[in-house]
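J.: Quick one: sequence and predicted model below, then my questions.
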Amino acid sequence: MLQGSTQDRQRRAVIATANADLRKRIASKLAPMYWHAEEAHGGADAISKFDDRAYQALLVDRWLPDLDVQELIQSIRSRQPDVQVFFIDESSDEPFTVQDSHEEPGPASSEGAAVEYEAQPVEAADGLVEPLPGMIGKGAAMAAVYRLVRLVAPHKSTVLVTGETGTGKELIARAIHQASPRANKPFVVVNCAAIPEALLESELFGYTRGAFTGASQSCLGRIHAAQGGTLFLDEVGELPLSMQAKLLRFLQEGEVQRLGSPDVFRLDVRVIAATNANLQQKVARGEFRQDLYYRLCVFPIKLPALRDRREDILPLAQQCIKDLAAQSKLPKKDLSAAASRFLCEQKWPGNVRELQHAIERAVILSHTDDYLRLEHFSEAVSIGCPELENS
């Protein structure tokens, strides 16, 4: 249990969690028991506090946005070996059972208990996280992504999903939305690279009748359509600078103004953005506003490339085969041993999307064969798919 002491023997603790409400709730419970609590919004912040001074306890969330919890604990114990470690749980309304104690404390190891806490063993932080619904991947790389999604989903924080083309950024955005309190509200997708610059403002913010030539009636924009739900800005790095300033204002104020109207609407919309570009490099080149980058990158999630999660290649391929068979109402095919080895050896520069396309071509080429064989993938190269040959 976490132990208390009288005021003249006040002890210090660090509360490490991305949940600000949870930090404040726990700190308020510790204060009357003569614990001075410092708040840390993540693992790096917690480590910096332990570098500055001595603390007797670390109260840590099971999942942190920036560091693995087990690594954090090991790092802190290498600095201060005697620190007590306790897990906290944001799903619990009463993480502590508080008992008033007016007894004088004895030695530090037997002080009167002011706060009791049912702590999980530290080793529990090593367990992998179950995949999100509809997603495949059980390795450590994807487990880290699942943890972050579940951590951020209940909050309104803006999320920036990064990763190479074809890694499933929209799937992650939808998973965040579905795991959030906004799940029964709209999920609106805007592909920032697909809408011409001249139309982008009216698409995002809407317009009134007569605002421009051809505006025969008023129209709400995509942001307004996402009221109460989530707006997903795909390829956000392709936004022109003129639109970046307008988007920044919306993120700062939560307000939109339609073209041709003086009226301002205050909206409740959660924003998730995605890009395969390096936005920091774009900022350095003057192609992306730094202030907008910081607004979008409140909670970053980086998706691993398929070549960095090879254990997931065959499960993804088999699920794709199953889905294609269901769509075509055909018997499910299997992968031959040679074809399985071939798939696992490829670099897949197009990631999951490229794998799916390769499977689809092989299914067509296999025709009545019960197996997808190596020659079906080799034949795909000969009909104009050199990426398989080069990957």
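T.: Structure's in. What do you need?

J.: contacts, neighbours, all on C-alpha from now
T.: Noted.

J.: tell me the domain ranges of the protein?
T.: Recorded structural domains for the chain (assignment: automatic domain parsing) are 7-121, 140-302, 306-390.

J.: could I get those as TSV with mean neighbour count, distance to Glu130 and mean pLDDT?
T.: Output for the domains of the chain, formatted as TSV (neighbours: other C-alpha atoms under 10 Å; distance: least, C-alpha to C-alpha, whole Å; pLDDT from 0 to 100):
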stretch	mean neighbour count	distance to Glu130	mean pLDDT
domain 7-121	17	14	70
domain 140-302	18	7	87
domain 306-390	16	14	84
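
J.: Turn these into a markdown table, including distance to Leu132.
T.: Conversion of those to a markdown table gives the following (distance: least, C-alpha to C-alpha, whole Å):
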| stretch | distance to Leu132 |
| --- | --- |
| domain 7-121 | 16 |
| domain 140-302 | 6 |
| domain 306-390 | 14 |
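
J.: out of those, which comes closest to Pro133?
T.: Nearest to Pro133 among the domains of the chain is domain 140-302; the distance by C-alpha to C-alpha comes to 7.7 Å.

J.: what about stretch 293-307, how long is it end to end?
T.: Using C-alpha to C-alpha, to the nearest Å, the end-to-end distance of stretch 293-307 comes to 28 Å.

J.: what's next to that stretch, contact-wise?
T.: Contacts to stretch 293-307, defined as C-alpha atoms under 8 Å, 6 or more residues apart in numbering, come from residues 65, 141-142, 145, 148, 152, 157-164, 167-169, 248, 251, 272-273, 279-280, 283, 312-313, 346-349, 351-352.

J.: Look up which residues are beta-bridged to the residue nearest to Gly221 when sequence neighbours are not counted.
T.: For Gly221, the nearest residue in space outside its immediate sequence neighbours is Gly206; the separation is 3.6 Å by C-alpha to C-alpha, 6 or more residues apart in numbering. Partner residues in beta bridges with Gly206: Leu220, with DSSP bridges as the criterion.

J.: was I right about Gly206 contacting Leu200?
T.: No: judged on C-alpha atoms under 8 Å, Gly206 makes no contact with Leu200 at a distance of 9.5 Å.

J.: Now do the contacts for Ile172.
T.: Going by C-alpha under 8 Å, 6+ apart, Ile172 touches 149, 161.

J.: Against Ile301, how distant is it?
T.: The spacing between Ile172 and Ile301, counted by C-alpha to C-alpha, is 9 Å.

J.: Quick one: the strands in the stretch 251-391 of the chain, in order.
T.: Counting by DSSP state E, counting those that start in this stretch, the stretch 251-391 of the chain has these strands, from start to end: 255-257, 264-266, 270-275, 299-302, 334-335, 371-372.

J.: quick one: which of these is nearest Asp308?
T.: In this view, the strands of the stretch 251-391 of the chain are compared for proximity to Asp308 by C-alpha to C-alpha, and strand 299-302 is the closest at 12.5 Å.

J.: could you dump that closest one to CSV, C-alpha only?
T.: C-alpha atoms of strand 299-302 as CSV (Å, rounded to 0.1, in the frame of the first residue of the first chain):
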residue,chain,number,x,y,z
PHE,A,299,-1.0,13.0,-29.7
PRO,A,300,1.1,11.4,-32.4
ILE,A,301,0.7,7.8,-33.4
LYS,A,302,3.3,6.3,-35.9
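
J.: from the chain's centre, how far out does it sit?
T.: 5 Å (C-alpha atoms, centre = their mean, to the nearest Å).

J.: before we move on, back to that, export the strands of the stretch 251-391 of the chain to CSV and tack on distance to Phe288?
T.: CSV is the format used below for the strands of the stretch 251-391 of the chain (distance: least, C-alpha to C-alpha, whole Å):
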stretch, distance to Phe288
strand 255-257, 21
strand 264-266, 26
strand 270-275, 12
strand 299-302, 17
strand 334-335, 45
strand 371-372, 45
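
J.: which stretch among those comes nearest Trp35?
T.: Judged by C-alpha to C-alpha, the one of the strands of the stretch 251-391 of the chain that comes nearest to Trp35 is strand 299-302, at 30.2 Å.
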